[in-house]
Structures are given as C-alpha cells and as structure tokens.
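Colleague: Mind looking at a prediction? Sequence and model below.
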Amino acid sequence: MSFGFSSYILSEPLLRTDLSRWMKLDGWIKTGLLIRFRVESENPIHSQNYNFMAYDAQFLSTSLSFHSLYKSVPQGFRQSKGLILLLVNSRINRNKHTGIFMEMQGNGSPTTSNQSTINIPHVLTVAGSDSGAGAGIQADLKACAARGVYCSTVITAVTAQNTAGVQGVNVVPEDFVAEQMKSVLSDMHVDVVKTGMLPSIGIVKILHQHLREYPVRALVVDPVMVSTSGDVLAGPSVLAGFREELLPMANIITPNLKEASALLDGVKIKTVSDMRSAAKLLHDKGARNVLVKGGDLPDSLDAVDIFFDGEHLYELRSSRIKTRNTHGTGCTLASCIAAELAKGASMLEAVKVAKCFVETALDYSKEIFIGNGPQGPFDHLMKLKSNAHNSGRQVRFNPSDLFLYAVTDSGMNRRWGHSISDAVKAAVQGGATIVQLREKDIETRDFVEAAKSCLQICRAHGVPLLINDRIDVALACDADGVHIGQSDMPAHTARALLGPEKIIGVSCKTPEQAEQAWIAGADYIGCGGVYPTNTKANNLTVGLDGLKTVCLASKLPVVAIGGIKVSNARPVMEIGVPNLKGVAVVSAIFDSECVLTETRKLHAVLTEATAAVK
Ligand SMILES: Nc1ncnc2c1ncn2[C@@H]1O[C@H](COP(=O)(O)OP(=O)(O)O)[C@@H](O)[C@H]1O
Ligand SMILES: Cc1ncc(COP(=O)(O)O)c(N)n1
C-alpha cells in the first residue's frame, strides 16, 4: 500500500469501521500490527506519542483493536480540536506503512489529565526464553494475552530450544535478573507473579528478596526442572531454593509428576492415588495450594490433575487430546492460573479455567505442524483464529456475487413441500450466486441445523450463505455473513461480533441509510422494495427511481429487492448504474414447484439484460 493520507472525524464508530475497512483492503489484518500515533494539540503540553500494540490483530479483531485504540486516547482529546497522526506498520512487511490524519472535532478543550486511569490485570512472569516459543516466557505471554491480561517479563535464561529438545542454555547473570525485576516492580502495578525456569539458587534468592520488597497479590510457582524432552533446566541445587524460599511464599505450586517427585525426595508417583498423596505432602511443606499435573500419567485416558487447597482434594479431569503438540502445557497452565487470579478469580476457579483453556487450545491446535521434532508447540490463539483458518470460503466478498441473490421463505417452502436445504440446493443448481436464509418462524435449534446443511451445499458450489438478522445463528454455523435490516442489530455492532472477514449486508431505502451502512462497515446494501410485494408487510415501495437515487449515492455495491420476477427484472438491471450488481428474489424462485427451473429462467433474463446494458 502506498503512503496515503485521509481526513477523518474521530468518532468511535468511524474510527472502528473506516480503519477496519482500510485494513481489510490491504490484507494486513492477517499479519499483526504495531500502531504508533501522535496527538498534536495547539498546546504543546498536550501533544503526545501513543503506542498501540495489536500484535495479533486477528485475535483482537480489528474493531476491538480500534475500539481500544480509541479508548487509549485521553477523553479530553476525543472532544478537542487537534490532529492525530496514525502510523501503522505491518509486522511482516515493515517498510510498508501508511499514515492517516484524523481530525478531531468538538468544542471541549483538552483536559489537563493525559494519563489513562484504567488499571488492567497484570502478571509478571519470571522465566526462561524458549527460542521455539512453545514454552517459557513466550508461552506465558501468549497465555496471558489469550486470557486478556497484561504480562511483563523477567528473563532468567535464554535457551536454544526447538521441537527436538534443548540445544543450549545461557543463564542471565544474577545482577541483571535483579535489575529486570527492579525495573518492573518499582514502576508497574503487578498483581500476580508467576515463575517458570529459575536456573540457579541465586536467582531464586533474588526473586524472594524482591517479592518481600514489592509484595504482590499472589505468587504462582511452576517448579520447572526438566523439559518434556528430558533436558535439565534447573539443577538439584535449585530444589533447596524451591523448598525453602518459594514454597512457603507460594499461593499455588504446580509441579508435574517428575517435579512433585523431586520436591518430595524421589517418592514414586505413578497413579492418581499417588498424586493425591503427593499433593498433601507438598501442602505440608508450606504451599497453600497444590496442583499436581498428570499430563505424564502413564496409561491415563483422561488428563487428570489433583488440586489440594489444604482442605479438599479435587480430581480435575479433562479429555486427553491426542496430539504431538503438548510442548509448553505446564507453562501455559500456570500462566493462565496467574492471569485468572490477577482478574480476581478464586484459586479453584482459576485452576479450572486454566485447565479448560489448555484442553481447548490443545484440541484446536492438535493438527498444526510446527517443527520436525517429536513434540510441537500448540497455538494459544487457535480457537480465535479457527474461523479464519477453517472457513471454507477462501476469498473475501465479491460484489458480483450479488447477481442472483436467493432469499428463502419458510412459508413458501412449506406450501410447496420443500425442505430449506432442498430449496437452497435447487436455487444454487439453477444459478443463484448468493443465498440468504430468512427464516422468521423457526426454532433456533432447527435453524442452526438447517443452516449447517445449507452451508455444505453452498460451499460445494462456491456460493456464499448469509443469515437474515440472526448473528448468533451465523456464528453458530460459521455462515459467510448476515443480512440485517434497519431495526435489527446495528451494523457496527454486528461487525464487532462477526469480525472483519464476514459479509454484512444492510437493507436501505435512502441515501442517508446507505451512507450509514458504509460508515458502519457493511459490505453491500439491499435496496427496495423496487416493486410492490406481499412478501414483506408494510414495506414502502421506493420504485426504480428510488433505487437509482440510492445506487448513485451509495459507496457500497447494491442489490435490488422487492417484487422482482422474471417478467420485470429487466428494467431493474437496465437502470444502468455501475454499483447495482444484481437482484434479490424470494417468491420469484421459491414460490414455485420447481425452484431450479425458475432460478434458471431468472438467471437467463439477468444475463441478457446485463449484456444489453454493457
Ligand atoms: N494430551 C493432553 N490433553 C489434555 N490435557 C493435557 C494433555 N497433556 C497435558 N495436559 C494438561 O496440561 C497441563 C500441564 O500438564 P503437564 O503436561 O503434566 O505439565 P508439564 O508441561 O509441566 O510437564 C495439565 O493440566 C495436564 O492435565
Ligand atoms: C524456557 C523453558 N521453560 C520451561 C520449559 C518447560 O516446558 P515443557 O515442560 O513443556 O518442556 C521449557 N521447556 N523451556
């Protein structure tokens, strides 16, 4: 994308949609973003730089990112006159960048406070770096991000590590670990500290001292000693440090079987019953809560962990995901516990959420392939990305898809004895280029089921499937998008819920509504009723003139709707406005015995009319 400047009025919906539209065009939404912007005010004291990280824009979804971006501008500025320069860099393609000036309008003067007052939950992880990014600091950062918590880092060691094992360890000098800790703890409000690889007794002591000097709400100790690949990450001397310095301070300790055994002088832990005893013994050694993790429990069908809070023993079970991608489960689990505690959860709640998160993340990424070694990393954000990855639709909305738009009607299908999916199949086979399920009197469960089977049919023909009004149904079946009316959910809210990839169409009767739809981030508008119709009660007819007026004003592609049939479709296409892309029909094709034949007839008429206009 070349350098380009546009002028925008900084209002929340505008900021969301215009930028998300612009991002979508460039395809950068897939790459991650670093955004810097500057507020320039007449009063130099109020001019400031701001950084905004959307390191994984797909995860945050553009609209949410820009919502936060908007929120990070101090309120006084939002209403004041000034300029924002926004620079967006693509992570993948750093030298591509663009600038946008946003003019802020309003009559308020800038407030003197330019400090954000929102405290967000904060976890500090004190751990080692894993170059393969499956475990260690990198897993902690991703887990906290996935759980919506800020994460700062003190790096204790740098490991050369991949899916085959640990090739090297470079321990960070103790005084420099201390310096990192001081930098973070003296400046930032940390809620919870989580520890991972602590490679020397000296580092354990430094941590202990700093926690005394800067007390935090909770300490989560993952007593990392040996990596899953069998490489030693903390030698036996550290054991004493864990026992004497950290266990008594820890709100929870999360050893795996080997680590629990090492902390208990080599006691054998081979069964769930052994895990129960180990949890109690570790509690006796001073940890307030103990979670003995059973990822490595032999012959176990479930993934079983034992949680002991000093009073009750809980056996926490989840399904054991069959995957090679389990590198970093321990680090992730402990970070998630820390994140939930930082948000204010109770210990049991935090542990349950964390376990569920690990199971879900493993399940979603069970088939990903990263690295050639025996144990791959998983992807903490895969659940959020999965729609984009799994979606059968490869390309974004193409306005020419609006050519013959088939909109279902349950009454008509009932009258002719057609199931929704049979009717949709016939329409698609007859040449429909996009389908909308408009089912007003159907149970939600039946709607989702019907939508899923229609989606299969549409995907097989490369035809997008939209859902009328029901964002929940569209999400539940992963439809390609929605069509909404003026009294349905606002389009910008639908966009925030559906993310940048889905298609959104909005019914509009006036140029003003068309403008609003564009601002809100819609992809197309439907305009009508072009002719009088009985399909929709109390529907104002705009006529061919009204249609033309809206088409000329609309920045979005338009599909004409309302009373259009084989006999009157031609004049619609002949109004000859380039952004009129096609017609949407209900009764013309569905109020008939043979949907396929009627769709074919209409397709032929539209093809002829379009050729004549060209
Ligand atoms: N294949 C799996 N499916 C589901 N959960 C798993 C699987 N493997 C490990 N877990 C869970 O991941 C968490 C970390 O356990 P574990 O792998 O034993 O820790 P570590 O990585 O420290 O060795 C535990 O909650 C455990 O039950
Ligand atoms: C830097 C670092 N910290 C922790 C672990 C443990 O993770 P796992 O038990 O999954 O190997 C690791 N391998 N590397």
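Modeller: Arrived safely. In this text, all values refer to a predicted model and were calculated from it rather than measured experimentally. Ligands and ions are numbered 1, 2, ... in the order given.

Colleague: contacts and neighbour counts: CA atoms only from here.
Modeller: OK.

Colleague: what are the phi and psi angles of residue 376?
Modeller: Dihedral pair for residue 376: phi -90, psi 160, per degrees, to the nearest 10.

Colleague: Would you agree it is in contact with residue 365?
Modeller: No: using C-alpha atoms under 8 Å, residue 376 makes no contact with residue 365, being 10.1 Å away.

Colleague: ok, for the closest residue to ligand 1 within the stretch 451-600 of the chain, nearest residue in space, not its chain neighbours?
Modeller: Proximity of the stretch 451-600 of the chain to ligand 1 (C-alpha to the nearest ligand atom) peaks at residue 476, 24.5 Å away. In space, and not counting its chain neighbours, residue 476 is closest to residue 448: 6.8 Å by C-alpha to C-alpha, 6 or more residues apart in numbering.

Colleague: residues in the stretch 1-150 of the chain within reach of ligand 1, list them.
Modeller: Contact residues, the stretch 1-150 of the chain versus ligand 1 (C-alpha under 6 Å from any ligand atom): none.

Colleague: show me where pLDDT drops low in the stretch 1-150 of the chain?
Modeller: Residues of the stretch 1-150 of the chain meeting the criterion pLDDT under 70: 1-117.

Colleague: change it to 80
Modeller: Scanning the stretch 1-150 of the chain for pLDDT under 80 picks out 1-119.

Colleague: what does it put close to ligand 2?
Modeller: Residues of the stretch 1-150 of the chain lying near ligand 2 by C-alpha under 6 Å from any ligand atom: 128-130, 135-136.

Colleague: For the residues you listed, give me CSV that also has secondary structure and neighbour count.
Modeller: Shown next, in CSV, are those (DSSP: H, G, I helix; E, B strand; the rest coil; neighbours: other C-alpha atoms under 10 Å):
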residue, secondary structure, neighbour count
128, strand, 28
129, strand, 27
130, strand, 21
135, coil, 28
136, helix, 31
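
Colleague: Could you identify the pair within those that is furthest apart?
Modeller: Largest separation among these by C-alpha to C-alpha: 128 and 135, giving 8.7 Å.

Colleague: Phi and psi next, for residue 508.
Modeller: According to degrees, to the nearest 10, the main-chain angles of residue 508 amount to phi -140, psi 140.

Colleague: so the residue nearest to residue 476 makes contact with residue 479?
Modeller: No: counting by C-alpha under 8 Å, residue 448 stays clear of residue 479, with 10.0 Å between them.

Colleague: Of the two, give the one with the bigger neighbour count.
Modeller: Each of residue 448 and residue 479 has its neighbours counted (other C-alpha atoms under 10 Å); residue 479 has more, 28 against 20.

Colleague: What are the boundaries of the strands in the stretch 351-500 of the chain?
Modeller: All strands of the stretch 351-500 of the chain, identified by DSSP state E, counting those that start in this stretch, fall at 404-407, 434-437, 465-468, 481-484.

Colleague: With just CA atoms, put the third one into CSV.
Modeller: Same thing as strand 465-468. Extracted C-alpha coordinates of strand 465-468, given in CSV (Å, rounded to 0.1, in the frame of the first residue of the first chain):
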residue,chain,number,x,y,z
LEU,A,465,-24.5,-18.2,2.5
LEU,A,466,-25.8,-15.4,4.7
ILE,A,467,-28.3,-15.4,7.6
ASN,A,468,-31.0,-12.9,7.9
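
Colleague: Show the average pLDDT along that strand.
Modeller: The pLDDT scores in strand 465-468 average 98.

Colleague: Could you do the second one as well?
Modeller: Per-residue pLDDT values over strand 434-437 give a mean of 98.

Colleague: same check, this time on the last one
Modeller: In this model, strand 481-484 carries a mean pLDDT of 97.

Colleague: what residues does it touch?
Modeller: By C-alpha atoms under 8 Å, 6 or more residues apart in numbering, the list of residues contacting strand 481-484 from outside reads 436, 465-471, 474, 491, 498, 502-507.

Colleague: Kindly report the same for the first one.
Modeller: Taking C-alpha under 8 Å, 6+ apart as the criterion, the residues outside strand 404-407 that touch it are 427, 431-438, 559, 582-586, 589, 603, 606.

Colleague: what about 6 Å?
Modeller: With contact meaning C-alpha atoms under 6 Å, 6 or more residues apart in numbering, strand 404-407 is reached by 432-436, 582-586.

Colleague: want to throw those residues into TSV with distance to residue 416?
Modeller: Output for these, formatted as TSV (distance: C-alpha to C-alpha, whole Å):
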residue	distance to residue 416
432	19
433	23
434	22
435	19
436	19
582	26
583	23
584	20
585	17
586	14
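
Colleague: Scan these and report the most crowded one.
Modeller: residue 432 (30 neighbours).

Colleague: Grab the nearest non-local neighbour of that one.
Modeller: The nearest residue in space to residue 432 (C-alpha to C-alpha, 6+ apart) is residue 404, at 5.0 Å.

Colleague: same thing with residue 370?
Modeller: Nearest non-adjacent residue to residue 370, counting by C-alpha to C-alpha, 6+ apart: residue 376, 6.0 Å away.

Colleague: That neighbour: how many residues sit nearby?
Modeller: Residues lying near residue 376 (other C-alpha under 10 Å) number 23.

Colleague: got the contact list for it?
Modeller: Applying C-alpha under 6 Å, 6+ apart to residue 376 gives the contacts 163, 324-325, 327, 370.

Colleague: Report pLDDT for it.
Modeller: We have a pLDDT of 95 for residue 376.

Colleague: what do you get for the one 4 residues further on?
Modeller: We have a pLDDT of 90 for residue 380.

Colleague: and if you look at residue 228?
Modeller: Looking at residue 228, its pLDDT reads 78.

Colleague: So for it, what's the nearest residue that isn't a sequence neighbour?
Modeller: residue 327 (7.1 Å).

Colleague: which residues does that neighbour bridge with?
Modeller: Residues in a beta bridge with residue 327, per DSSP bridges, are residue 377.

Colleague: give the contact list for it.
Modeller: Per C-alpha under 6 Å, 6+ apart, neighbours of residue 327: 134, 375-377.

Colleague: Can you tell me which of the residues you listed has the most neighbours?
Modeller: Counting neighbours by other C-alpha under 10 Å, residue 134 leads the contacts of residue 327 with 29 neighbours.

Colleague: Close to ligand 1: what parts of this structure are there?
Modeller: So the chain meets ligand 1 at 228, 256, 293-296, 303-305, 319-322, 326, 328-330, 333, 355, 358-359 (C-alpha under 6 Å from any ligand atom).

Colleague: Buried ones among these?
Modeller: Buried members of these, counted by 16 or more other C-alpha atoms under 10 Å: 228, 256, 293-295, 303-305, 321, 326, 328-330, 333, 355, 358-359.

Colleague: Which of those residues fall within strands?
Modeller: By the criterion of DSSP state E, membership of those in strands covers 293, 303-305.

Colleague: and which of these is nearest ligand 2?
Modeller: Using C-alpha to the nearest ligand atom, those come closest to ligand 2 at residue 293, 11.0 Å.

Colleague: returning to that earlier point: output the contacts of residue 376 as JSON lines; include the columns pLDDT.
Modeller: Converted to JSON lines, the contacts of residue 376 look like this (pLDDT from 0 to 100):
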{"residue": "163", "pLDDT": "95"}
{"residue": "324", "pLDDT": "95"}
{"residue": "325", "pLDDT": "95"}
{"residue": "327", "pLDDT": "95"}
{"residue": "370", "pLDDT": "95"}
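
Colleague: which one of the residues of the stretch 1-150 of the chain next to ligand 2 is nearest ligand 1?
Modeller: residue 135 (8.3 Å).

Colleague: Tell me the pLDDT of the closest residue to that closest one other than its chain neighbours.
Modeller: Sequence neighbours aside, residue 328 is the residue nearest to residue 135 in space, at 3.9 Å (criterion: C-alpha to C-alpha, 6+ apart). Looking at residue 328, its pLDDT stands at 96.

Colleague: quick one: contacts of the top strand by length along the chain?
Modeller: The residue-count maximum for a strand in the chain (DSSP E) belongs to strand 150-161. With contacts defined as C-alpha under 6 Å, 6+ apart, strand 150-161 is touched by 122-132, 141, 166-172, 180.

Colleague: buried set for that strand?
Modeller: By neighbour count with 16+ other C-alpha under 10 Å, strand 150-161 contains the buried residues 150-159, 161.
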